[in-house]
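Student: Below is the sequence, then the predicted model.
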Amino acid sequence: MANFKGHALPGSFFLLVGIWWSLKYSFRYLNQKGKSRKRNFYQKIEIIEAGIRLFFSIVGIFAEQFTPDGDGPKLHLYNDQDWIKLMNWQHTTMYLMYGFSAVMDILSYLIPVIPLGLDRLVMTLSIITEGILFYYHVHNRPPLDQHIHLFLLYPLFGGAISTFLEVFLRDNIVLELFRTSLIITHGSWFWQIGFVLYPPFGGPTWDETSHSNIMFITMCFCWHYMASMVIVAINFSLTYGLISRMKRSQQGEENIGIQKLPSSYNSQQALLHDTEED
């Protein structure tokens, strides 16, 4: 959708997934992810997450095809004269490919015969697909419109490389958190595009030919990525603090149990000693 809502919706989806990933990967890494007794728990979490991502994709497809204002293509691609709402169809294609990635994640955990790493490969292809779509999305548009949209390619390019490396380097926390920071930037930048090109509160429109605006947007993108790194660092720190507190609590309970054991044991010994004297 060529409006603020059309950019805020995918931006919200990417932000939610990115923030969740920053918590999930941090918790799994800090909470001894290699223990076999925890594998079933993490598999259930992965399946639920993939189901939510699939739901996001379906919502996005319906939002693009059947917009509330009735201006969507309604699954019609071509009429007797021309193509119908290709911008909506490009967004639909993006959601569809991410939906395939979510389905592959679910199948990878439900069907053991599927090779390990295939889910990450499909996710890589989904990211590349979005990059191809957006690269040709803004031709013949004003300079600022082209500039702000092409910044989406940077997190997509980095995300595609890091996700592809995860095909071979599974559960690598550095790659996972790097991908997480990029998807958070990706989501926040969708919101930035909406605010710049389609001011939601009736504010003044931006001069899309101003070089100063282009310079500011370039600087603004750097701020977005720095903010995403701060979010990942904060969530990692909060997770570390929570897990450390849980471990101290468990150790305290174990120590109390150990301290109680000798006193109980001594009472039993004294009772047996008295019985023998009688």
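Tutor: Thanks, I have the structure now.
Student: Distance check, the residue nearest to Trp83 when sequence neighbours are not counted against Ile84.
Tutor: Of all residues not flanking Trp83 in the chain, Leu77 sits nearest, at 6.7 Å (Cβ to Cβ, 6 or more residues apart in numbering). Where you see a C-beta, it was placed from the backbone N, CA and C, and this is true even at glycine. Distance, Leu77 to Ile84, by Cβ to Cβ, to the nearest Å: 6 Å.
Student: still on that earlier bit, ok, the residue nearest to Trp83 - contacts?
Tutor: For Leu77, the contacting residues are 83-84, 89, by Cβ atoms under 8 Å, 6 or more residues apart in numbering.
Student: For Arg120, grab the count of nearby residues.
Tutor: Here the number of neighbours of Arg120 (other Cβ atoms under 10 Å) works out to 24.
Student: per-residue confidence for it?
Tutor: We note a pLDDT of 95 for Arg120 in this prediction.
Student: ok, it touching Asp171?
Tutor: No: using Cβ atoms under 8 Å, Arg120 is not in contact with Asp171, being 10.7 Å away.
Student: which of the contacts of Leu77 tops the neighbour count?
Tutor: Using other Cβ under 10 Å as the neighbour criterion, Trp89 leads the contacts of Leu77 with 20 neighbours.
Student: need the contact list for that residue.
Tutor: Here Trp89 is in contact with 64, 73, 77, 83 (Cβ under 8 Å, 6+ apart).
Student: same question, Leu15
Tutor: 184, 187-188, 191.
Student: Break down this protein into its helices, ranges please.
Tutor: Taking DSSP state H to define them, one finds helices in the chain at 4-30, 39-65, 86-110, 118-135, 143-150, 153-165, 173-197, 211-277.
Student: picking up where we left off before, between the contacts of Leu77, which is nearest Gly11?
Tutor: Nearest to Gly11 among the contacts of Leu77, counting by Cβ to Cβ, is Trp89 at 19.5 Å.
Student: what about the residue nearest to Tyr42 when sequence neighbours are not counted, distance to Gly117?
Tutor: Nearest residue to Tyr42, sequence neighbours excluded (Cβ to Cβ, 6+ apart): Arg28, at 6.2 Å. Computed as Cβ to Cβ, the Arg28 to Gly117 distance reads 17 Å.
Student: Tell me, how many residues neighbour Ile19?
Tutor: Neighbourhood size, Ile19 [other Cβ under 10 Å]: 18.
Student: Kindly provide the distance from it to Leu30.
Tutor: 17 Å.
Student: do the same with Thr218
Tutor: 36 Å.
Student: Between those two, which is the more surrounded one?
Tutor: Neighbours per residue (other Cβ under 10 Å) separate Thr218 from Leu30, with Leu30 holding more: 17 against 12.
Student: what's the pLDDT at the more buried one?
Tutor: Reading off the model, Leu30 has pLDDT 88.
Student: Please name the nearest non-neighbouring residue to it.
Tutor: Nearest non-adjacent residue to Leu30 (Cβ to Cβ, 6+ apart): Ile243, at 4.9 Å.
Student: Right, I'll leave it there.
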